[in-house]
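Engineer: below are the sequence and a predicted model; questions follow.
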Amino acid sequence: MLVGEITRPHGIRGELLMQVVTSYPERLAEITPLYFKGRRSADYIPQSILRVRNHNKGLLLFLDGVENREQADDFRGQEVYIHLDDAIPLEDGEYYLFQIDGIQVVTDEGVELGRLTNVMETGANAVYIISPDEGKDILLPAIPEVILKVDVEAGVMTVHLLDGLID
């Protein structure tokens, strides 16, 4: 499960600055190993974490075996993951975003709209971007009045289209 991305080295002692994409960054200090994945590799490489500390809007990670800026620079742009077993348990009816990526979206009247291809975070609520086979993307607010049911195992999200959501 994705928790962040390394943006750059920090300082000369090998620390890494990570942009956080998890809602529980404070838990990362307790989880080891973290898994690193480069953009050109399908492999998830485990790395032991020695220290984690807050820094501005991100985290600074100090990894076992990374002792200088040059070694830290090798991690630039890599995504950081945790094992799903280390994730916060979800309540019934909750799901992780990676579980709905690519899910088929249908209306409560049985009309297929397309697949969920992206999630846009806004101030009020998330917006799901649905890509149909043909035509423009559809933007749906992730609110209970619109998102009626998400069946992760079946790969189907059922939605109700409020007036004005689609041209």
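Structural biologist: Cool, the structure landed. Since the model is a prediction, treat every value here as computed from it, not as a measurement. Residues are numbered from 1 along each chain as shown.
Engineer: got the buried residues for the lowest-mean-pLDDT helix or strand in the chain?
Structural biologist: Within the chain, no helix or strand scores below helix 97-100, which has a mean of 87 by mean pLDDT, DSSP states H and E. Buried positions in helix 97-100, judged by neighbour count with 16 or more other C-beta atoms under 10 Å: 99, 100. Every C-beta, even on glycine, is put in place using the N, C-alpha and C of the backbone.
Engineer: how close does residue 31 get to residue 44?
Structural biologist: For residue 31, the distance to residue 44 equals 14 Å [C-beta to C-beta, to the nearest Å].
Engineer: with residue 127 instead?
Structural biologist: Residue 127 is 29 Å from residue 44, by C-beta to C-beta.
Engineer: about what we covered before: toward the C-terminus, what is the element adjacent to the least confident helix or strand of the chain?
Structural biologist: strand 104-107 (DSSP states H and E).
Engineer: for residue 129, which non-adjacent residue is closest in space?
Structural biologist: Once flanking residues are discounted, residue 129 sits nearest to residue 118: 4.1 Å by C-beta to C-beta, 6 or more residues apart in numbering.
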